[in-house]
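Chemist: Can you look at this prediction? I've put the sequence above it.
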Amino acid sequence: MARRPVSKELWQKLQPLIPPFIPSSKGGPRTRAVSDKAAFEGIIFVLRSGIPWEDLPQSMGYGSGMTCWRRLREWQAAGVWQQLHLAMLEHLREYDQIDWGRASIDGSSVPSPPGGPETGPNPTDRGKLGSKRHIVVDARGVPLVVLVSGANRHDSMLFEKCLDALPAVKGLSGRPRRRPGKLHADKGYDYQRCRDYLKRRGITSRIARKGIESSKRLGKHRWVVERTHGWFAGFGKLRIRFERQLATHQALLSLAAAIICSWFVDWLC
């Protein structure tokens, strides 16, 4: 298996966010046996390939899979992955490359055989356990928000929570931006409370109406959110949720969102 280099920009943004290593007062090593950069590369390798943590080959120089897994969870507890995602968004905004003119929201289900928090019977998959990934993206498909719910939760039930989670993104002069001009959504969000929520926040509603509008009419703008879901599914570790603990699954999602943002940085900045 070939090593794929980590984005230089991604590592530069991550490095200052990593909490310092504090040796145990009971003795033990004074420094980490595996460097933070090597562990980070190992985490990304597992995320991309989808292999079990314990199958990560130590011959690749990343350390053991369990070392990488522990580092992933340690940094998640310190809020590192969410901060990394925000740092990449701010880098894009520094170059005015987040298109706030319109945003799109959508959910996508994935199987979750082990179960765990935020899983449930998927009504579209014979009642098998699954989770649902909810995302909000800008007009180009840059992921702004990634949340998780059980597969039995209707998309609209996470509508307000997703939009409340939109980060205030700095990077240009003036106040940080956190609200799009318009929001596109399919008929799964065709509820008056969703429209009322957008109206209170000064966001133009472009939600397809059941029995009135064809979904194809909004497709020229909404395809970007479906493409971003496809990018998330391209990470092997996210096609099926094998992480029973929600914090670990959320960490992988936040890291994947940061990586997708790094692609836009490479393309546009």
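Modeler: Thanks, I have the structure now.
Chemist: The stretch 1-150 of the chain: helices as residue ranges?
Modeler: 8-14, 36-49, 65-77, 80-94 (DSSP state H, counting those that start in this stretch).
Chemist: Any idea which of those helices has the lowest pLDDT on average?
Modeler: Sorting those by mean pLDDT places helix 8-14 lowest, at a mean of 91.
Chemist: buried residues in it?
Modeler: Buried positions in helix 8-14, judged by neighbour count with 16 or more other CB atoms under 10 Å: 9, 10, 11, 13, 14. (Glycine included, C-beta is placed from N, CA and C.)
Chemist: and the residue nearest to residue 113 when sequence neighbours are not counted, how many neighbours does it have?
Modeler: Leaving aside its chain neighbours, residue 113 sits nearest to residue 129 (6.5 Å; criterion: CB to CB, 6 or more residues apart in numbering). Look at residue 129: counted by other CB atoms under 10 Å, it has 19 neighbours.
Chemist: from memory residue 60 sits against residue 45, does it?
Modeler: Yes. Using CB atoms under 8 Å, residue 60 makes contact with residue 45 at a distance of 7.1 Å.
Chemist: So which of these two has more stuff around it?
Modeler: residue 45 (22 against 14).
Chemist: doesn't residue 62 make contact with the more buried one?
Modeler: Yes. If you go by CB under 8 Å, residue 45 and residue 62 touch, sitting 6.4 Å apart.
Chemist: any residues in contact with both of these two?
Modeler: Common neighbours of residue 45 and residue 62, counting by CB atoms under 8 Å, 6 or more residues apart in numbering, are residue 56.
Chemist: Now residue 153. Its backbone dihedrals?
Modeler: With angles defined as degrees, to the nearest 10, residue 153 sits at phi -80, psi 130.
Chemist: element containing residue 250, please.
Modeler: Following DSSP states H and E, one finds residue 250 within helix 246-268.
Chemist: what angle do that helix and helix 36-49 make?
Modeler: 90 degrees (axes from the mean of the first three to the mean of the last three CA atoms, to 10 degrees).
Chemist: average model confidence for helix 246-268?
Modeler: Here the average pLDDT along helix 246-268 is 96.
Chemist: What is it packed up against?
Modeler: helix 8-14, helix 36-49, helix 65-77, helix 80-94, strand 143-150, helix 219-233, helix 236-239 (3 or more CB pairs under 8 Å, 6 or more residues apart in numbering; DSSP states H and E).
Chemist: In terms of secondary structure, what does the fourth one contact?
Modeler: Yep, that's helix 80-94 we're talking about. Looks like helix 80-94 contacts helix 8-14, strand 143-150, helix 246-268 (3+ CB pairs under 8 Å, 6+ apart).
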